[in-house]
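Student: need the 3D shape of this:
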Amino acid sequence: MITAMEPAWQANSGGPMSRSRTQLVLSSLLQGDRTSFSCCARLGVEFGEQDPLRVVRSALRAARVRDPEALRSRYELPAEPWMCREVPALVVPRVEDLSQDELLERSLLLGLATPWLLDPRRPVLFTRASLTRRLEVYTARGFYA
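Tutor: Here you go, the predicted structure:
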């Protein structure tokens with residue numbers, strides 16, 4: 001004689017109840033100061049056909065700055081290293097649209113950056129590669145600490 005079987009859902013340990021658990025999200029990359037990361041700046045200069053080194057050296061001479069390291073005293077630098085992400089398609093201002101002061105500040109930050117890190121303790125290095133980078137720069141408050 002055949003007896004009635006128990007309903008299938010009673011024997012299913014991977015059923016809907018196990019997939020309906022909830023978990024509180026405590027941080028988000030999309031919210032302000034409560035996150036571990038925040039996008040601080042988009043950094044870069046479009047030099048077009050001009051040589052970046054010549055343009056920046058000319059701006060340094062016009063500002064009567066002999067050594068790029070002297071730019072540190074003119075502009076506020078981050079207190080700690082920032083993480084960078086190189087974004088070649090990032091839209092940045094053209095050099096013609098920047099004031100001399102804006103160009104020098106951006107150049108200083110680019111000279112302190114690699115494709116992965118902007119470190120205020122690094123020496124200021126002006127190279128064609130560093131001056132033509134297009135970066136998104138992030139703080140990492142407490143993520144790696």
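Student: going forward, measure contacts between C-alpha atoms and count neighbours the same way
Tutor: Noted.
Student: can you give me the strands in this structure?
Tutor: Here the chain has its strands, by DSSP state E, at 37-43, 82-86, 117-118, 135-140.
Student: so which of those strands is nearest residue 126?
Tutor: Shortest distance between residue 126 and the strands of the chain, using C-alpha to C-alpha, is found for strand 117-118: 13.6 Å.
Student: output the contacting helices and strands for the closest one.
Tutor: Secondary-structure packing of strand 117-118 (3 or more C-alpha pairs under 8 Å, 6 or more residues apart in numbering; DSSP states H and E): strand 82-86.
Student: what strands line up against the strand it packs on, and which way round?
Tutor: When pairing is defined by DSSP bridges, strand 82-86 lines up against strand 117-118 (antiparallel), strand 135-140 (antiparallel).
Student: so which residues make contact with the shortest one?
Tutor: For strand 117-118, contacts defined as C-alpha atoms under 8 Å, 6 or more residues apart in numbering pick out 81-84, 109-110, 112, 137.
Student: closest one of the residues you listed to residue 48?
Tutor: Closest to residue 48, out of all of those and judged by C-alpha to C-alpha, is residue 110, at 16.8 Å.
Student: residues in contact with residue 63?
Tutor: Counting by C-alpha under 8 Å, 6+ apart, residue 63 has contacts residue 100.
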